[in-house]
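A.B. asks: A predicted structure for the sequence below; I have some questions about it.
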Amino acid sequence: MRDVLSGSFAAPRWTLWAPDRIRVVNWNIDRGLQLAKIIAFLEAQKADILVLQEADLYARRTGFRNIAGEIAKTLRMNYAFGYEFEELTQGRQGAPAYHGQATLSSWPLRDSRVLHFRQQSNFWKPRWFLPRTEPFQLRRGGRIALITEVDVSGRRLMIYNLHLESRADDHLRMMQLSETVGDARKYIGSDPVVLAGDLNVDLNRSYASAAVLQRSGFHSVITLPASSHTTTARGIFRHRRTIDWVYLAGPVESISGGVCEDVNASDHYPIWFELKLTDA
């Protein structure tokens, strides 16, 4: 579960220096259930880097496909997939199914690794009295950060792809965020760092979690007003929320960004943004 699955489909990019603008999309793609719509949107974005959460790997609900691999192959990008959970009700005999994060880029990806959080919820733990059927969503594993180095024309750009726990309180999520920031500190002084993902917390309201990022020099790429949301309304009791975020640190500047609230391909909305690498 600590391994990283990867593939290379991008054509070589012969550039001597980093471009003035790098376009990135961060998106929880809801397992890839609406893959055709997801690919159509991402293709139109013409992004250099994709930071995706909730990507299925060989799961029944998504046709036993490698969702990250299919997106990468179609868009001609390189990809790294970090295993978050084994989905115990989604596999086939002798062929387990997984769920996790994927980072894709048209530039080479190097030294991808998984940070498996020490602090975890036990909500997903299989129990003897629960039947192994889909409604119970039994899993083995835990929340992770997928850490990937993107080689942007010889310049290292660090991507932290996060999916913090949904079945817990803000304190647990803050602890997972703190582990991520602690790992990222080794890069911030010299390398640009992007921290993006589904944090399952509204940083406009959880001041302690936001302070963890700010104390380490991270700043948000966009300001999300109260009227903006990053999830859809899911049923009567699940209102729209603002829980997907992107932060930058180190020698990098945000240029522009926004939330695509008109995209109907997941229960989350994509966040797009453009950044520029600066001198260390």
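C.D. replies: Here it is on my side, so go on. Residues are numbered from 1 along each chain as shown.

A.B. asks: so where's the protein shaky on pLDDT?
C.D. replies: Residues of the chain meeting the criterion pLDDT under 70: 1-2, 127-137, 225-227, 234-238.

A.B. asks: could I get the full set of helices for it?
C.D. replies: 35-45, 67-75, 170-188, 207-215 (DSSP state H).

A.B. asks: output the contacting helices and strands for the last one.
C.D. replies: Going back to what we said before, that points to helix 207-215. Helices and strands touching helix 207-215, as assessed by 3 or more Cβ pairs under 8 Å, 6 or more residues apart in numbering; DSSP states H and E, comprise helix 170-188. C-beta coordinates here come from the backbone N, C-alpha and C atoms, glycine included.

A.B. asks: what comes up buried for the helix it packs on?
C.D. replies: By neighbour count, and taking 16 or more other Cβ atoms under 10 Å as the criterion, the buried residues in helix 170-188 are 170, 172-181, 184, 187-188.

A.B. asks: TSV for the helices of the chain, including distance to Tyr269?
C.D. replies: Formatted as TSV, the helices of the chain follow (distance: least, Cβ to Cβ, whole Å):
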stretch	distance to Tyr269
helix 35-45	10
helix 67-75	17
helix 170-188	20
helix 207-215	20
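
A.B. asks: Ser256 is nearest to which of these?
C.D. replies: helix 35-45 (13.3 Å; Cβ to Cβ).

A.B. asks: quick check: buried residues in that closest one?
C.D. replies: Neighbour-count burial for helix 35-45, with 16+ other Cβ under 10 Å as criterion, is recorded at 35, 38-39, 41-42, 45.

A.B. asks: got the CA coordinates for that helix in CSV?
C.D. replies: Once side chains and other backbone atoms are set aside, the C-alpha atoms of helix 35-45 remain, and they are given as CSV (Å, rounded to 0.1, in the frame of the first residue of the first chain):
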residue,chain,number,x,y,z
LEU,A,35,-15.1,9.3,-16.7
ALA,A,36,-16.1,10.6,-20.1
LYS,A,37,-17.2,13.9,-18.7
ILE,A,38,-14.1,14.1,-16.5
ILE,A,39,-11.8,13.6,-19.4
ALA,A,40,-13.7,16.1,-21.6
PHE,A,41,-13.4,18.8,-19.0
LEU,A,42,-9.7,18.1,-18.3
GLU,A,43,-8.9,18.0,-22.0
ALA,A,44,-10.5,21.4,-22.5
GLN,A,45,-8.5,22.9,-19.6
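
A.B. asks: orientation of that helix relative to helix 67-75 in degrees?
C.D. replies: For helix 35-45 and helix 67-75, the angle between their directions (axes from the mean of the first three to the mean of the last three Cα atoms, to 10 degrees) works out to 50 degrees.

A.B. asks: give the other helices and strands that helix 35-45 contacts.
C.D. replies: Going by 3+ Cβ pairs under 8 Å, 6+ apart, helix 35-45 lies up against strand 22-31, helix 67-75.

A.B. asks: run the last query once more with 6 Å
C.D. replies: Judged by 3 or more Cβ pairs under 6 Å, 6 or more residues apart in numbering; DSSP states H and E, the packing partners of helix 35-45 are helix 67-75.

A.B. asks: what does the helix it packs on rub up against?
C.D. replies: Judged by Cβ atoms under 6 Å, 6 or more residues apart in numbering, the contacts made with helix 67-75 from elsewhere in the structure are 7, 9, 32, 39, 43, 55-56, 79, 81, 102, 104.

A.B. asks: appreciated, that's everything.
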